[in-house]
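J.: need a structure here:
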Amino acid sequence: MTLELWPAIDIRAGKCVRLLRGQFSSETVYGDPLEQAVAFVSAGASRLHVVDLDAAREGGWPNRHVLLRIASSSGVPVQAGGGVRDEAAAAALFDAGVARVVVGTVAIEQPEVLARIAARWPSQVLVGLDHRSAAGPDGTIRREVAVRGWVDSGGPDLEAALQRLEDLPIGGVVVTDIDRDGTGAGPDMAGLAHVLALTGLQVVASGGIAGTSDLVALAGLGAGARRLAGAIVGRALLSGALSISEAVAACEQ
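T.: Residues are numbered from 1 along each chain as shown. Next up, the predicted model:
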């Protein structure tokens, strides 16, 4: 199975941005999201990952018009998320031509809503499991799921969250290591291998990817016969450190 490349476009206040470790106070602006979507596709991207950061943190649809224009005009499958907390929000995205919807906060806080969304659009809904490392009461390190645009921590362990999703008709999970996101420090290979071993769901990796060597490593990562389904890359592509063509070639290795 070839590792799917998902170039990322995060939208805040109408601009394409990247955060450092999920901190809204540490953002880099990369211009117009629509122009960036066109640039990615023109360079050879065959899919896009688009997130409304304002909606993820605050709810509502502050960047809805931008996200929907990307979905309807990019000409490639778009995976979109941020603030999807009910069936109406998911329906609006699917009606606009989004191929897959990523649900985060509601999957943790209102699992019954996730169950309804997944049943209505089987295999087209993914769950975002964004997590930080935190010390448990006994001093061991746990992977703690964060919600509401990564602002609120204190969620379940990553392992427990995965177990709750196993029997739902979802298309997979997007696993983001917040501590690595935007740093270029490399993906959490051991953690991702652990996730692959824990679940039968498709797994898309996110966080820390800096260049071709990271993508080659992710393409080869496995737990038994299990392999990653995809990788989301943001800052490395936006900054020019990695080109679309280089990233695609690395994923195919």
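J.: Any regions of the stretch 51-200 of the chain where pLDDT drops low?
T.: Counting by pLDDT under 70, the stretch 51-200 of the chain has low-confidence residues at 134-140, 149-154.
J.: How about stretch 230-244, which residues are buried there?
T.: Within stretch 230-244, the residues scored as buried using 16 or more other C-beta atoms under 10 Å are Gly230, Ala231, Ile232, Val233, Gly234, Arg235, Ala236, Leu237, Leu238, Leu242, Ile244. The way it works is simple: take the backbone N, C-alpha and C, and place the C-beta from them, glycine included.
J.: Just put those in JSON lines and tack on pLDDT.
T.: What follows is those, written out as JSON lines (pLDDT from 0 to 100):
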{"residue": "Gly230", "pLDDT": "98"}
{"residue": "Ala231", "pLDDT": "98"}
{"residue": "Ile232", "pLDDT": "97"}
{"residue": "Val233", "pLDDT": "97"}
{"residue": "Gly234", "pLDDT": "95"}
{"residue": "Arg235", "pLDDT": "95"}
{"residue": "Ala236", "pLDDT": "96"}
{"residue": "Leu237", "pLDDT": "97"}
{"residue": "Leu238", "pLDDT": "96"}
{"residue": "Leu242", "pLDDT": "97"}
{"residue": "Ile244", "pLDDT": "98"}
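J.: In JSON lines, list those along with distance to Ile141 and secondary structure.
T.: Converted to JSON lines, those look like this (distance: C-beta to C-beta, whole Å; DSSP: H, G, I helix; E, B strand; the rest coil):
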{"residue": "Gly230", "distance to Ile141": "26", "secondary structure": "strand"}
{"residue": "Ala231", "distance to Ile141": "24", "secondary structure": "strand"}
{"residue": "Ile232", "distance to Ile141": "24", "secondary structure": "strand"}
{"residue": "Val233", "distance to Ile141": "26", "secondary structure": "strand"}
{"residue": "Gly234", "distance to Ile141": "25", "secondary structure": "coil"}
{"residue": "Arg235", "distance to Ile141": "25", "secondary structure": "helix"}
{"residue": "Ala236", "distance to Ile141": "26", "secondary structure": "helix"}
{"residue": "Leu237", "distance to Ile141": "30", "secondary structure": "helix"}
{"residue": "Leu238", "distance to Ile141": "30", "secondary structure": "helix"}
{"residue": "Leu242", "distance to Ile141": "30", "secondary structure": "coil"}
{"residue": "Ile244", "distance to Ile141": "35", "secondary structure": "helix"}
